[in-house]
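K.L.:
Requesting a structural model of the entry that follows:
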Amino acid sequence: MPDIPQGPGEWGAAASWLRFRGQRVAWHDSGGEGLPLLLVHGFPTASWDWHRVWPGLGARHRLLAPDLLGFGHSDKPPDFPYSIRLQADLCEDLLQAARVDRFCILAHDYGDTVAQEILARRIDGDGCQGLEAVLFLNGGLFPEAHRPTLVQRLLAGPAGGAIAPFLGRRLGGRSIAAVFAPDHRPTPPELDDLWSLVVRGGGRRVIPRLLGYLEERRLNRERWVGALEQSPVPVGFINGIQDPVSGAAMADCWAQRLPDRPLVRLPGAGHWPQLEEPEAVVVQALAFFRG
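P.N.:
I've put the predicted structure just below:
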């Protein structure tokens, strides 16, 4: 398996490219012969989020990881109609381009909602019939248990478009760092790496549009929570319980609504388990997908 690039810039330089709705989308393919895993990242970063679990997961699976439209190294058109359904369409196009029929999903945060839409399509018989299992990391699976940060609420509100161009590394980085567990807070260079993915290619200006997913979750709750409850394929949840956004309360909601579906609580992790406790995520993910 090829070495992992040392930083997000090198990661982006190693990407393949997909044309989607007239835009360029960066994606990564580990190669290999194992059952493909589609890795769907969260807000506000990119597929670089997976770099610490990439070698461990790639030892057994072929990994496919896009930068969703508006994120990371992919294009960030300012007036594009961003939506969860559009990102699910992108994932379907990527799977087709990669000639993948059978696949599983490992998703995080915003990517959780994309995965829920893909799962709903599997249930509807509307594409995605090759989906065999979904494993979720911290994210707003149940909107009533989700607690957006103050910065997210401001940027998603009526003044978001006016605020976003002035969002700087200090405030934006602080908002990202605050959702890590105290023992796993990113160092300044690590936070610089994450922030570089947010602002690359005019990223600030699209943040309010991307944050429309918060309202989408509320409006589509029946469809997307229903997909979890009615799933014909295995679904599981790994939760870093020190996450103030989608931590212990989200895990409790999963346990209540899906008591027979796997739940792993990571007591030492926050919002980014794959960055904070990558070894634990790899172990649990390989066990889940081995089934």
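
K.L.:
where does Arg24 land in three-state SS?
P.N.:
Here Arg24 is recorded as strand under DSSP: H, G, I helix; E, B strand; the rest coil.

K.L.:
Identify the residues contacting it.
P.N.:
By C-beta atoms under 8 Å, 6 or more residues apart in numbering, the contact set of Arg24 is Trp17, Leu18, Ser74, Asp75. C-beta: built from backbone N, CA, C; applies to glycine.

K.L.:
Could you tell me which ranges of the stretch 151-291 of the chain sit under the pLDDT cut-off?
P.N.:
291 (pLDDT under 70).

K.L.:
hmm, 90 instead?
P.N.:
Within the stretch 151-291 of the chain, the ranges that satisfy pLDDT under 90 run 159-161, 163-166, 169-171, 291.

K.L.:
Which parts of it are strands?
P.N.:
Along the stretch 151-291 of the chain, the segments classed as strands by DSSP state E, counting those that start in this stretch run 235-240, 263-266.

K.L.:
other SSEs contacting the shortest one?
P.N.:
Pointing back at strand 263-266 there. Judged by 3 or more C-beta pairs under 8 Å, 6 or more residues apart in numbering; DSSP states H and E, the packing partners of strand 263-266 are strand 235-240, helix 248-257.

K.L.:
Okay, now the sheet partners of it, with direction.
P.N.:
Next to strand 263-266 in the sheet, as set by DSSP bridges, lie strand 235-240 (parallel).

K.L.:
could you give the angle of the strand it pairs with to helix 248-257?
P.N.:
Relative orientation of strand 235-240 and helix 248-257, computed by axes from the mean of the first three to the mean of the last three C-alpha atoms, to 10 degrees: 150 degrees.

K.L.:
Contacts for stretch 29-38, please.
P.N.:
Applying C-beta under 8 Å, 6+ apart, the set of residues contacting stretch 29-38 is 1-2, 16, 54, 57-58, 60-65, 91, 94-95, 98, 100, 102-106, 132, 289.

K.L.:
check contacts around Ala97.
P.N.:
When the contact criterion is C-beta under 8 Å, 6+ apart, the partners of Ala97 are Leu18.

K.L.:
scratch that, Val225
P.N.:
Taking C-beta under 8 Å, 6+ apart as the test, what Val225 contacts is Gln116, Leu141, Phe142, Arg257.

K.L.:
which stretches of the stretch 101-250 of the chain form helices?
P.N.:
Here the stretch 101-250 of the chain has its helices, by DSSP state H, counting those that start in this stretch, at 110-124, 150-156, 160-163, 169-177, 188-199, 207-210, 213-219, 221-229, 248-257.

K.L.:
Mind putting those helices into a markdown table with distance to His28?
P.N.:
Converted to a markdown table, those look like this (distance: least, C-beta to C-beta, whole Å):
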| stretch | distance to His28 |
| --- | --- |
| helix 110-124 | 14 |
| helix 150-156 | 27 |
| helix 160-163 | 30 |
| helix 169-177 | 22 |
| helix 188-199 | 14 |
| helix 207-210 | 21 |
| helix 213-219 | 23 |
| helix 221-229 | 26 |
| helix 248-257 | 28 |
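
K.L.:
and Leu275, which of those helices is closest to it?
P.N.:
Counting by C-beta to C-beta, Leu275 lies closest to helix 188-199 out of the helices of the stretch 101-250 of the chain; the figure is 8.3 Å.

K.L.:
sorry, back to before: compare the helices of the stretch 101-250 of the chain and report which one is nearest to Gly270.
P.N.:
Once those are compared by C-beta to C-beta, helix 169-177 is nearest, at 9.7 Å.

K.L.:
Name the residues of the closest one that are buried.
P.N.:
In terms of neighbour count (16 or more other C-beta atoms under 10 Å), helix 169-177 has its buried residues at Gly172, Gly173, Ser175, Ile176, Ala177.
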